[in-house]
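Student: have a look at this prediction, sequence included:
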Amino acid sequence: MSRPAALGAILAAPLTGGVVMALPSGPKNLPDHEAQFLAVAPRMVALLDEYDRLWALSHEPYAIYEQARGRGRYKPEHEKLPEWFAYIEARRPADDLDAILEEMYEPYRDLRLVSFEAIKLRHRYGMTFDWARDDLLEDLDAIWGRKPCA
């Protein structure tokens, strides 16, 4: 999409209060690994959104467990508390999705991405799983073309 077409799309969009973005389609000849990564985007983003929703449901049970175990250092016997088991059960659906998402992401973890769309997808993954932000920063460093000064 050309810049005038993108601007036209933005100006023609109804004002709905939501964010409207019209972006160029990006490079047509992506490396195979990047095209494959983008192909999983719709499913990955939907699963990430669901993971975030499910993970949030475990916050209250975790707080209750923390209160039950009291102050001080963690001790293995804390994992025998009923509140611990309630917390583990509350997070099980998110953990199941975590395994699926990790399997989807792992083939692309150490591969450099160059298109804006692929880097945005990696960023979305990093919004849920902080450890993936390092991969995103490595992509951006590679685009910049040099390593930061020590």
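Tutor: Yep, it's here. Numbering: from 1, shown residues only.
Student: which elements pack onto the helix or strand hosting Asp134?
Tutor: According to DSSP states H and E, Asp134 maps onto helix 133-144. Contact partners of helix 133-144 among helices and strands, from 3 or more Cβ pairs under 8 Å, 6 or more residues apart in numbering; DSSP states H and E: helix 116-128. C-betas here are computed from N, CA, C, even on glycine.
Student: show residues contacting the helix it packs on.
Tutor: 23-24, 26, 30, 34, 37-38, 41, 44-45, 48, 51-52, 101, 105, 108, 113, 132-133, 135-136, 139-140 (Cβ atoms under 8 Å, 6 or more residues apart in numbering).
Student: off-centre distance for the one helix or strand Glu66 maps to?
Tutor: Secondary structure assigned from DSSP H and E places Glu66 in helix 59-69. Using Cα atoms, centre = their mean, to the nearest Å, the distance from the centre of helix 59-69 to the centre of the chain it belongs to is 25 Å.
Student: export it as CSV, just CAs?
Tutor: The C-alpha atoms that make up helix 59-69 are tabulated as CSV, following Å, rounded to 0.1, in the frame of the first residue of the first chain:
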residue,chain,number,x,y,z
HIS,A,59,-3.6,-13.9,40.3
GLU,A,60,-6.2,-14.1,43.1
PRO,A,61,-5.5,-17.7,44.0
TYR,A,62,-1.8,-16.9,44.1
ALA,A,63,-2.4,-13.9,46.5
ILE,A,64,-4.4,-16.2,48.7
TYR,A,65,-1.6,-18.7,48.8
GLU,A,66,0.9,-16.0,49.6
GLN,A,67,-1.2,-14.9,52.5
ALA,A,68,-1.6,-18.5,53.7
ARG,A,69,2.1,-19.2,53.7
